[in-house]
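Trainee: Sequence and predicted structure are below.
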Amino acid sequence: MYNAREFNFDGLVGPSHNYAGLSFGNVASFNNVKSASNPRQAALQGLAKMRELAARGFAQALLPPQSRPNLRMLRRLGFSGTDADVLAGAWRDAPVILACAYSAAPMWTANAATVSPSADTADGRVHFTAANLNNKLHRAEEHVQATRTLRALFADSDRFVVHDALPSTPAFGDEGAANHTRFASSHGAAGVEFFVYGRVEFDPSAPSPKKYPARQTLEASQAIARLHGLDAARTVFASQNPDVIDQGVFHNDVIAVGNGNVLFYHEQAFADEAGTLDALRRALGGVGADLQAVRVDTGVVPVADAVASYLFNSQLLSKPDGRMALVVPHECRENAAVAAYLQQLVASGGPIDELVEFDLRQSMRNGGGPACLRLRVALTDAEAQAMHQGVVMTDDLYARLVPWVERHYRDRVEPKDLADPQLARECMAALEELERHLGLPGLYDLS
Ligand code: SUG
């Protein structure tokens, strides 16, 4: 066992953050369609979260936004001429496709990749697989830049491997770490990797939702476990409860979160609650850990309140004293049932004894809470030193990024603004400067 820490890589919100209602099955995205966004505030809210957690001693880094608009995609879909012609044509003929090309969804880095720390993998390297996100057009090309970014940050091939995304076909629908949890007695110890899927492509009799899409398949989760060289005895696959997908739980991280030996979950999260807990207990027993299940009953917090408040889209962070802090969005305080539950939770003497609250309203309005905004990467000290240092959140980086946001980001974007070629130029200028702040020349293929 090595000394290791969990780095949270939060997505830095991009300058084109907007509300386009692109995610069928994600209640917040649908409810806020076509309202005005504030990209500047969104980015500052995210940076404030990163700075605060870094200041508290948690290992914190960022993943940069992706280049938008995605002109390459628009050209592939038949829009032609100058860049301004492409944007004007898309606005005229297919404004939804233009919105897809402008989406700032890569900010939700829990969907960037699935990550297995070196303590879990057969070759002792940290494995990443970029998620294909093939369920939604606006997210389906994120893996191209995500792979490029992860390879730039984790370039040392003796320690890291970044796999290409799985085939972009329904059988391998993959949404990354949003459906993946790791349990272990400490971040550096051998752990249990837990994959939750919503659908089984090759078994039509398996449960699946009726109303909203299931984005993650069992086949995708199994392929990732193979690619990462995970030990079957320490890998658990479980079916999400299809009924909760139909109530707006489009990723498992909207209804459950885990850390250390703790699983914090809603009683309706899994298709087979008892079977899932048994499998986790057995696997954790194999690594000398006891599962601590913190179950929330429907009578205390109905699924609708969990979805509205994002109670489970929280971060469970291990503190030096062995207890855990739960990082929640403001919406949890505003929901009466959830607020009452949380007061009782931290006073109960259980593993979670502190709440840390953030205003992430801009992201929340598109269905992205604290947990969506971060990708967890457990690294040994040697691995942490081997990764690119320019993305680690420090006071200095924060002090440079805040004025960068204030210089480049608008404070209001409405659907019609996506037709303005000036917005495209502003986005590009912002990223050109960002490469320098992060020490990552050539991060973007801006040709
Ligand atoms: O994929 N929303 C994202 C939210 C992702 C949340 N991530 C996790 N749960 N880990 C999604 O549905 C909305 C974009 C829009 O409608 O403009 C969006 O893509």
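Mentor: All right, it came through fine.

Trainee: Relative to Gln145, how far out is Leu431?
Mentor: In this view, Leu431 and Gln145 are 11 Å apart by C-beta to C-beta, to the nearest Å. For every residue, glycine as well, the C-beta is placed using N, CA and C.

Trainee: residues bridging contact with those two, i.e. touching both?
Mentor: Residues touching both Leu431 and Gln145 by C-beta atoms under 8 Å, 6 or more residues apart in numbering: 67, 444.

Trainee: now for the helix or strand harbouring Gly285, which elements pack on it?
Mentor: Taking DSSP states H and E as the criterion, Gly285 maps to helix 273-286. The contact analysis (3 or more C-beta pairs under 8 Å, 6 or more residues apart in numbering; DSSP states H and E) places helix 273-286 against strand 192-197, strand 235-239.

Trainee: Reformat these into JSON lines and put mean pLDDT, mean neighbour count and distance to Leu218 next to each item.
Mentor: Below are these laid out as JSON lines (pLDDT from 0 to 100; neighbours: other C-beta atoms under 10 Å; distance: least, C-beta to C-beta, whole Å):
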{"stretch": "strand 192-197", "mean pLDDT": "98", "mean neighbour count": "26", "distance to Leu218": "4"}
{"stretch": "strand 235-239", "mean pLDDT": "98", "mean neighbour count": "21", "distance to Leu218": "6"}
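
Trainee: Could you provide those strands in a markdown table, with additional columns for distance to His408?
Mentor: Formatted as a markdown table, those follow (distance: least, C-beta to C-beta, whole Å):
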| stretch | distance to His408 |
| --- | --- |
| strand 192-197 | 38 |
| strand 235-239 | 43 |
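
Trainee: so which of the ones you listed gets nearest the ligand?
Mentor: Comparing those by their distance to the ligand (C-beta to the nearest ligand atom), the top pick is strand 192-197, with 12.0 Å.

Trainee: now check the closest one, is it near the ligand?
Mentor: No - on the criterion C-beta under 6 Å from any ligand atom, strand 192-197 is out of touch with the ligand, staying 12.0 Å away.

Trainee: send the alpha carbons of that strand over as PDB?
Mentor: C-alpha atoms of strand 192-197 as PDB (Å, rounded to 0.1, in the frame of the first residue of the first chain):
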ATOM      1  CA  VAL A 192     -13.500  -2.500  -4.900                       C
ATOM      2  CA  GLU A 193     -14.700  -0.900  -8.100                       C
ATOM      3  CA  PHE A 194     -18.500  -0.700  -8.400                       C
ATOM      4  CA  PHE A 195     -20.200  -0.200 -11.800                       C
ATOM      5  CA  VAL A 196     -23.900   0.700 -12.100                       C
ATOM      6  CA  TYR A 197     -25.600   0.300 -15.400                       C
END
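
Trainee: now it and helix 273-286, what's the angle there?
Mentor: On the basis of axes from the mean of the first three to the mean of the last three C-alpha atoms, to 10 degrees, strand 192-197 is oriented at 160 degrees to helix 273-286.

Trainee: Could you spell out the sheet neighbours of strand 192-197, each with its direction?
Mentor: strand 180-183 (antiparallel), strand 235-239 (parallel) (DSSP bridges).

Trainee: so what's the residue in the chain sticking out farthest from the centre scoring on pLDDT?
Mentor: Most distant from the centre of the chain: Gly81, at 35.2 Å, with distances by C-alpha atoms, centre = their mean. We have a pLDDT of 98 for Gly81.
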